[in-house]
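Novice: Please work out how this folds:
(one chain, ligands or ions: 1)
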Amino acid sequence: MPDFSPVDLSVTWLGRTMPGCLYNASGVWCREEDELEAVRASAAAALISKSATLAPREGNPEPRYHRTALGSINSMGLPNRGFAYYLDYARRYDYACGKPLFLSLSGMTLEDNLTMLRTLAAAGLPAIPEINLSCPNVPGKPQLGYDFVATTEALNAFDQAWPGRYGVKLPPYFDQAHFAAMAEILNRHPRLAFVTCINSIGNGLVVDIDSEAVAIKPKDGLGGLGGDYVLPTALANVREFYRLLPGKDIVGCGGVRSGREAFMHILAGARAVQVGTCLYHEGPAAFARIAAELAELMQAKGYRKLDDFRGRLRTL
Ligand code: SIN
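Specialist: Reported below is the predicted structural model:
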């Protein structure tokens, strides 16, 4: 007899339970308040704001986002309203709605990040910082997550500036020695509660044959790849950090466009799953569709909750 009992997609982490496992990747539908509100009103289970710098930024020159058959390339350059704008939103946010609010922080300097963390701490809000160590798109500014010494210094300083739990958004790693080295650094920080894997694969190049030109203007066409291009790399990063960071949560991000990819991320160990390129192209209705597809897949497999298969990826 078929089992019609509902599938439970809720996630308990960071001392709270959220109604599902999907939310937006920082950068997509989250720069303006009306975008954040549209995500909150959708089937997303949480929301995260655009990576904030201390001062507002226009970002890089257009065109800076390009859709391809396999995903996207972007070099946005952190266009955002400035930290005060997102802090003001966080002050007015209705936390009783049950959807956690994450604030993405991407200071241009370590001191900027510390100022934002201290200000957020003084505000005493339940918003949770996700510190971006991995933006590939600011000319002349390398991705912090590829500099293990600078990452060590930054995390030590974050621990001093912020009294609660926090997370970091990592760039993709491609070598097991780098997974191990970064995990060893991250494991020194008990209040570092989650890592989001992955940011875009930085400095890809999309070429248009007809025009014999690059697809975006900044950095002579170099930009971060998202969408189908990045799924296997994202899954590898989720799985490796799931194994290497016991007691911490992994947020999967990269290549999710249906319930199938969300399932893969959770099977690889993700606690929750962010949607970026697909959300950009489809809008917030994507969350209800992906959640329904995930629930249907789980039901077909006889799983009732995410814990039934999280991290249980089989090896051969
Ligand atoms: C951007 O604004 O350039 C994207 C942010 C990021 O990749 O971290």
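
Novice: mind checking how far Asn132 is from the ligand?
Specialist: 5 Å (C-beta to the nearest ligand atom, to the nearest Å). Placement of C-beta: from N, CA and C, glycine included.

Novice: Residue numbers of the stretch 51-200 of the chain in contact with the ligand?
Specialist: Residues of the stretch 51-200 of the chain lying close to the ligand (C-beta under 6 Å from any ligand atom) are Ser51, Met76, Gly77, Leu78, Asn132, Ser134, Cys135, Pro136, Asn137, Asn199, Ser200.

Novice: Quick check: which ranges of the stretch 201-316 of the chain have low pLDDT?
Specialist: For the stretch 201-316 of the chain, not a single residue meets the criterion pLDDT under 70.

Novice: need the contact list for the residue nearest the centre of the chain.
Specialist: Using C-alpha atoms, centre = their mean, the residue of the chain that lies closest to the mean C-alpha position is Ala25, 4.4 Å off. Going by C-beta atoms under 8 Å, 6 or more residues apart in numbering, Ala25 touches Ile48, Cys253, Gln274, Val275, Gly276, Leu279.

Novice: Try it again at 10 Å.
Specialist: 48, 104, 169, 196, 198-200, 226, 251, 253-254, 256, 273-280 (C-beta atoms under 10 Å, 6 or more residues apart in numbering).

Novice: And Ala90, by the same measure?
Specialist: With C-beta under 10 Å, 6+ apart, Ala90 has these contacts: Leu36, Ser49, Leu101, Phe102, Leu103, Leu120, Ala123, Leu125, Pro126, Ala127, Ile128.

Novice: mind listing the helices for this structure?
Specialist: Along the chain, counting by DSSP state H, helices occupy 33-41, 83-92, 110-123, 148-161, 176-186, 231-244, 259-268, 277-282, 285-301.

Novice: out of those, nearest to Val207?
Specialist: helix 277-282 (19.0 Å; C-beta to C-beta).

Novice: Of the contacts of Ala90, which is the most crowded?
Specialist: When neighbours are taken as other C-beta atoms under 10 Å, the top entry among the contacts of Ala90 is Ser49 (30 neighbours).

Novice: Give me the distance between it and the ligand.
Specialist: Taking C-beta to the nearest ligand atom, one finds Ser49 at 12 Å from the ligand.

Novice: so that residue makes contact with Glu35?
Specialist: Yes: contact status for Ser49 versus Glu35: in contact at 9.4 Å, counting by C-beta atoms under 10 Å.
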